[in-house]
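**Student:** below: sequence and its predicted model.
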Amino acid sequence: MTEQSLQSIPLRKRIWGWWFFDWASQPYHTLLVTFVFGPFFAASATQYFIGTGLEGEAAKAAAQSSWSLCLTITGLIIGLSAPFLGALADIAGRKLPWIIGFSIAYVLGAAGLWFMDPAGSNLWWMLISFGVGFIGAEFALIFVNAQLPSLGSKDEVGALSGSGFAFGYLGGVVSLFIMLLLFVEQDSGKTLIGLDPILGLDASAREGTRAVGPFVAIWFVAFMIPYFAWVRDPRTPRRGTASLGRAVSMVVASVKGLKHRKSLTSYLVSSMLYRDALNGLYGFGGVYAGLVLDWSITQIGIFGIIAAISAALFSWAGGLADARFGPKPVIVLAILVLSLVCLIVVNMTRTEVFGVALAESSGLPDQIFFACGVLIGGFGGILQATSRTLMVRHTTPETATEAFGLYGLSGRATAFVAPALIGLMTTLTGSARLGITPVIALFALGLLLLLWVDGEGDQS
């Protein structure tokens, strides 16, 4: 792509193309990680473990631990590889080939979830398929994030990032609506609006729910068309021969250089902790609702719609706040709100809230968790969008992919920590509810380290 042909694509169209990546990719997180496949896996795994002789709570804990193991392993793979792949892309001066490759992994991994056995006979194969797609989604996001500095100035990227996340969450809402209305079967075998799952899918074999994987894959392929049509790599000079050895040397040099960049170092560690906590909330929110509150997948899906709509609205508003006040104070507010939500969730069961007993048929826990869903979706969206713009303030377009590789490393090198701690706490307590407790500590540590972060970045 020459500079002249790049200029032939209007900036506004390039921005819209970049936003379409969020619209296309968000359903992996909304439908698969949190609100449909995750709870479906947890329910299937629970029944499988009950069949092996475990009691109810122990089976639920084993199911949550299996899910946490998958997220732990994928987090390690992503975190340890991201900066090196980013450095390779910066050396070659191109990002699109990597985005194409990881998009293929996204599609194959998502589509493979169709083969999930509701009885749980192939749990581990499905976790592998999910992991392949999840790795593809996360790696593609790293390279797409690295394109943000080329789309606007430091003062503009906050609104661009917030609007992108808002557009993406809107895509998550639409895709979740479609799944609930036309595909996901309730206990009655009918969808939310009383229909048989479309396309002749067999409700008794849970084919409506299992179709979530192929649906996400098809959605991604269709809506990535505007991205690939309108987004191009800006022309940057090659920085030598692209090789793994050179990439390793660049990353090592970048890591060593962090000792001279106090603000960036503090931010990478801070965001490592609080984004890990947020991913823990996302990864286990739907599972928690199914295991602790005994919600059906349809109820969890409605919860997801509310959370995703709030995420879209809050992300857009957060982008405006970012542009007005800068990203750092917005990040601090988001962490405080999410920490409060975690405290509420840990202290709530089907029968009591903060130790206060409830009537047997009380709907208060459901109402509280729906309110928590609004806050998790809303302030989680704000936290992701503003974190992306604060990273932009700590990088340059010439080294953006390597920098966002380090950002990916900070977000994923310890991405195994939240799932692992949740899995450990769940195993030790035998409670899926108390297993969420470590997330609070991760948020608190991330907030503390923000004290040493310059809100204007170190590239002013």
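**Tutor:** Cool, got the structure.

**Student:** which residues does residue 293 contact?
**Tutor:** By Cβ atoms under 8 Å, 6 or more residues apart in numbering, the contact set of residue 293 is 350, 365-366, 369. Any C-beta I mention is one placed from the backbone N, CA and C, and that applies to glycine too.

**Student:** same question but for residue 426, I mixed them up
**Tutor:** Contacts of residue 426 (Cβ under 8 Å, 6+ apart): 61, 64-65, 68, 432, 434-435.

**Student:** out of those, which are buried?
**Tutor:** 61, 64-65, 68, 432, 434-435 (16 or more other Cβ atoms under 10 Å).

**Student:** take these and write them to TSV, including pLDDT and secondary structure.
**Tutor:** Formatted as TSV, these follow (pLDDT from 0 to 100; DSSP: H, G, I helix; E, B strand; the rest coil):
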residue	pLDDT	secondary structure
61	82	helix
64	79	helix
65	83	helix
68	80	helix
432	69	coil
434	78	helix
435	75	helix
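
**Student:** with distance to residue 452 added, can I get those in CSV?
**Tutor:** Converted to CSV, those look like this (distance: Cβ to Cβ, whole Å):
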residue, distance to residue 452
61, 38
64, 35
65, 35
68, 31
432, 35
434, 32
435, 31
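
**Student:** now, which of the residues you listed sits nearest residue 247?
**Tutor:** Checking the buried ones among the contacts of residue 426 against residue 247 by Cβ to Cβ gives residue 68 as the nearest, at 30.7 Å.

**Student:** from residue 48, how far off is the closest one?
**Tutor:** Taking Cβ to Cβ, to the nearest Å as the measure, residue 68 falls 16 Å from residue 48.

**Student:** for this protein, which spans come out with low pLDDT?
**Tutor:** 1-7, 92-93, 154, 234-243, 283-288, 396-406, 408-416, 432, 457-460 (pLDDT under 70).

**Student:** how about the strands of it, start to end?
**Tutor:** 352-353, 356-357 (DSSP state E).

**Student:** which of those strands is buried the deepest?
**Tutor:** Among these, the stretch with the highest mean neighbour count (mean count of other Cβ atoms under 10 Å) is strand 352-353, at a mean of 14.

**Student:** give the other helices and strands that it contacts.
**Tutor:** Counting contacts by 3 or more Cβ pairs under 8 Å, 6 or more residues apart in numbering; DSSP states H and E, strand 352-353 is packed against helix 364-392.

**Student:** quick check: buried residues in the helix it packs on?
**Tutor:** Quick answer for helix 364-392 (16+ other Cβ under 10 Å): 365, 369-370, 372-392.

**Student:** what helices or strands is that helix leaning on?
**Tutor:** helix 157-182, helix 262-291, helix 297-325, helix 327-346, strand 352-353, helix 400-412.

**Student:** again, 6 Å this time
**Tutor:** Judged by 3 or more Cβ pairs under 6 Å, 6 or more residues apart in numbering; DSSP states H and E, helix 364-392 is in contact with helix 157-182, helix 262-291, helix 297-325, helix 327-346.

**Student:** show me what contacts the closest residue to residue 47 other than its chain neighbours?
**Tutor:** With Cβ to Cβ, 6 or more residues apart in numbering as the criterion, residue 47 has its nearest non-adjacent residue at 6.1 Å, and that residue is residue 120. Going by Cβ atoms under 6 Å, 6 or more residues apart in numbering, residue 120 touches 44-45, 48.

**Student:** for residue 56, see how far away residue 120 is.
**Tutor:** 15 Å.

**Student:** just to revisit the earlier point, dump the strands of the chain into CSV; add distance to residue 126 as well.
**Tutor:** Shown next, in CSV, are these (distance: least, Cβ to Cβ, whole Å):
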stretch, distance to residue 126
strand 352-353, 35
strand 356-357, 39
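
**Student:** report how many residues lie close to the nearest residue to residue 189 once chain neighbours are set aside.
**Tutor:** For residue 189, ignoring the flanking residues on the chain, the nearest one in space by Cβ to Cβ, 6+ apart is residue 203 at 3.9 Å. If you count neighbours by other Cβ atoms under 10 Å, residue 203 ends up with 19.

**Student:** I'd say residue 203 and residue 185 touch.
**Tutor:** Yes: under the criterion of Cβ atoms under 6 Å, residue 203 makes contact with residue 185 at 4.1 Å.

**Student:** got any residues that touch both of those two?
**Tutor:** residue 197.

**Student:** one step back: residue 85: which of the helices and strands packed on helix 364-392 is closest?
**Tutor:** Nearest of the helices and strands packed on helix 364-392 (Cβ to Cβ): helix 262-291, 17.2 Å.
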